[in-house]
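[1] Return atomic coordinates for the entry below.
(2 chains)
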Amino acid sequence: MPSPREVMDALPAEDARLLPTPAAVRAPRPGLLPLLLLGPAVAWTFLFFLLPLAVMVWQSVQHDGLSLFHYRKLLSTPLYLSAIMTTFQISLGVTAGSLLLGYPVAYVIATAGPRVRGLVLLLVVIPYWLDYIVRSYSWMVLLGRMGLVNRSLIEIGLISEPLSLLYSIWSVNIGMIQILLPLMVLTLYGAMHGIDQRLVQAAAIHGAGPWQAFRRVFFPLSLPGVYGASLLTFVVSMGFYITPALLGGRKQTMISQLIYTLASDMLDWPLASAASVLLLILSLAIVLVYNRLFSIDRLWGGATS
Amino acid sequence: MRTGPPRIALGAVVTCTLAYLLFPVLVVVVISFSSVGYLRFPPPSLSLRWYAKLLDTPAWIESFWVTLEVGSLTMAFATLLGVPAAFALLRLPIRGKAALNALLLMALITPSIIKGLATYLFFVPYGLINSVVGLACAQTVSALPYVVINVGASLKGFDATLERAAIIHGARPLTAILRITLPIIAPGILVGAVFAFLSSAQELLVAIFLLGTVRKPLAVKMWEGVRESVDPTIAAASSGVILMAVALFVVAALLQKRARRLYAR
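    Purely as a prediction, here's the structure:
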């Protein structure tokens, strides 16, 4: 793995250099200042993140010397393969669900007046304060055999026996979408925020109905945001551990759970490392696509502007 | 576009989605005051027994302390590293900004199981596991992006002419930043710091790998709790985490206000 310095040097300089900022103009020695400000953070990330990852990669290719033994084992064992497939399946479903539910919310935030915008934004970030364990626990309360959902369904006479809602693909989806929805909404909103509303007004002036103006003007303009937010949601959901462990059954085992079992129950560190590297590569590939399409710079404005 | 059936339908859909988003939060808050030990929502009656149980159990108290220690350290590290980094990323002409941004994003989205396993493998030979500081060092990596993103966003919205005005009137650049820029973007720093604390307090897997066997932060204790029994203790514990974060936020806000008053003199 190349060091950040090498990666930095390999990349073309940003055009931002052409426009000196006030700080740059007055900096006594511009060569030293970035190092002073950024150095600690980069060194820290290198020491406690990239270096450990390198150690893990190294462990994953050790088997009587260098070998891909663990990767072959991983990809030839049906149990492990099915965890990978399950991870993709769940992440796809969760991403689609979050997008479907999140798009209208982001749209309202982006187009409403400041009052409604503030209120909806506030409501969307409230769940951030609760951690995944408790939010999943909450669904255990609601979806259990004698939970609110089952009791209500029995009360109104739709069913006579409680349904087993927990420990299924449904409960995992419901729990994960609830957790990832704020991320989806905020990222979508970040993109929609930049859409010039005058374009929609222009469409209306030229005779388009509200639906047509939305479908022909706003929606296409929001598509890059849709792709970006979906990629981000997908990649985050691939690493989920707590929610599938609490709300899923045996069939909903995701890669993170597999890695945990390999490492802490079977003490098979090299195989656990290989599975981690695989998950990491998948995540990084998606992040690279994201970066290609949108440039990560977008994140700066995403949450607050 | 403001009225009419489509707008009403949209409003209904969004209201339902928000209800789905917030209902579990309501459930947790209400159930933490439940009077019974089985899963029942709404609970038959209200009580404080789960909060009392938390306060009566030394293991839970210990967990609160561990989380507070790790979380505050993480918050301090991430803020000290992140604020200067955000300044550099937003204001200086640096080569390879894209790579640095990518590194931050990577630190943010790398699954915690990978962070946990990798740091564990890295720490073991050096005897760094089972240490609160070691855990905080590892969690700082995930907390850093929250600080950089929030401070970066504040800096972007900050009117740099104010700083220039101070310099024109004879302030040294560093003084201008300390007395003009930092106080104005302080809310962004605060939000970033609280996010950093929360990300540390809510992190489970890295904590299990690096600290889990000796001292248990709240997340680990709650994780064990929810798998042992389904009683509402963990709902009460999570209200505790929120209280801690809010308290930290208030303390930090007060400190910042005081600092500003001292400076203004």
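[2] tell me which element residue 152 is part of?
    No chain was given, so I picked chain A. Element membership for residue A:152, per DSSP states H and E: helix A:148-155.
[3] not quite, I wanted chain B
    For residue B:152, the element it lies in under DSSP H and E is helix B:132-157.
[4] Which is the succeeding secondary structure element to that helix?
    With elements assigned by DSSP H and E, the helix or strand that comes after helix B:132-157 is helix B:160-168.
[5] What is the neighbour count of residue 185?
    Just so you know, I chose chain A. The number of residues packed near residue A:185 is 28, by other C-beta atoms under 10 Å in any protein chain shown. Any C-beta I mention is one placed from the backbone N, CA and C, and that applies to glycine too.
[6] looking at chain B here, not the other one
    Using other C-beta under 10 Å, residue B:185 has 24 neighbouring residues.
[7] for it, what are its contacts?
    By C-beta atoms under 8 Å, 6 or more residues apart in numbering or on different chains, the contact set of residue B:185 is B:151, B:154-155, B:158.
[8] now those residues in a markdown table, with pLDDT?
    Below are those laid out as a markdown table (pLDDT from 0 to 100):
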| residue | pLDDT |
| --- | --- |
| B:151 | 92 |
| B:154 | 87 |
| B:155 | 89 |
| B:158 | 85 |
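[9] among these, who's most crowded?
    Counting neighbours by other C-beta under 10 Å, residue B:151 leads the contacts of residue B:185 with 28 neighbours.
[10] so which helix or strand takes in the residue lying closest to residue A:248 once chain neighbours are set aside?
    Spatial nearest neighbour of residue A:248, chain neighbours left out: residue A:172 (4.4 Å); criterion: C-beta to C-beta, 6 or more residues apart in numbering or on different chains. In the assignment (DSSP H and E), residue A:172 maps to helix A:169-192.
[11] Run the angle between that helix and helix A:148-155 for me.
    Orientation of helix A:169-192 against helix A:148-155 (axes from the mean of the first three to the mean of the last three C-alpha atoms, to 10 degrees) gives an angle of 120 degrees.
[12] Now the element after helix A:169-192, going C-ward?
    By DSSP H and E, the next helix or strand past helix A:169-192 is helix A:197-205.
[13] Tell me which residues of that next one come out buried.
    A:200, A:203 (16 or more other C-beta atoms under 10 Å in any protein chain shown).
[14] Show residues contacting it.
    A:111, A:210, A:212-214, A:216-218, A:221, B:1.
[15] Count the neighbours of the spatially closest residue to residue A:125 that is not a sequence neighbour for me.
    Computed as C-beta to C-beta, 6+ apart, the closest residue to residue A:125 that is not its neighbour in sequence is residue A:182, at 6.0 Å. If you count neighbours by other C-beta under 10 Å, residue A:182 ends up with 20.
[16] For chain B, what's its nearest residue on chain A.
    residue A:239 (2.4 Å; C-beta to the nearest C-beta).
[17] Run a quick neighbour tally on that residue.
    Using other C-beta under 10 Å, residue A:239 has 24 other residues around it.
[18] Tell me the spacing between it and residue B:142.
    12 Å (C-beta to C-beta, to the nearest Å).
[19] any common contacting residues for those two?
    With C-beta under 8 Å, 6+ apart as the test, residue A:239 and residue B:142 both reach residue B:112.
[20] can you redo the contacts of residue B:185 as CSV with distance to residue A:104?
    What follows is the contacts of residue B:185, written out as CSV (distance: C-beta to C-beta, whole Å):
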residue, distance to residue A:104
B:151, 31
B:154, 29
B:155, 32
B:158, 33
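[21] Nearest to chain A among these?
    residue B:154 (7.5 Å).
[22] secondary structure element for the closest residue to the closest one other than its chain neighbours?
    Distances taken as C-beta to C-beta, 6+ apart place residue B:188 nearest to residue B:154, at 2.7 Å, with adjacent residues excluded. Here residue B:188 sits within helix B:182-201, counting by DSSP H and E.
[23] Run the angle between that helix and helix B:160-168 for me.
    Angle between the axes of helix B:182-201 and helix B:160-168 is 130 degrees (criterion: the same axes, to 10 degrees).
[24] so for helix B:182-201, what's the average pLDDT?
    For helix B:182-201, mean pLDDT is 89.
[25] Could you pull out the buried residues of that helix?
    Using 16+ other C-beta under 10 Å as the test for burial, helix B:182-201 gives B:182-186, B:188-201.
[26] just checking, next helix/strand downstream of it?
    By DSSP H and E, the next helix or strand past helix B:182-201 is helix B:205-211.
[27] Next secondary structure element downstream of that next one?
    helix B:218-228.
[28] which helices and strands does that following helix pack with?
    Using 3 or more C-beta pairs under 8 Å, 6 or more residues apart in numbering or on different chains; DSSP states H and E, the elements in contact with helix B:218-228 are helix A:132-143, helix A:242-247, helix B:58-91, helix B:205-211, helix B:233-264.
[29] hang on, the earlier thing: the helix holding residue A:172 packs against which elements?
    Short answer (3+ C-beta pairs under 8 Å, 6+ apart): helix A:169-192 packs on helix A:78-111, helix A:114-125, helix A:132-143, helix A:219-238, helix A:242-247, helix A:298-302, helix B:5-31.
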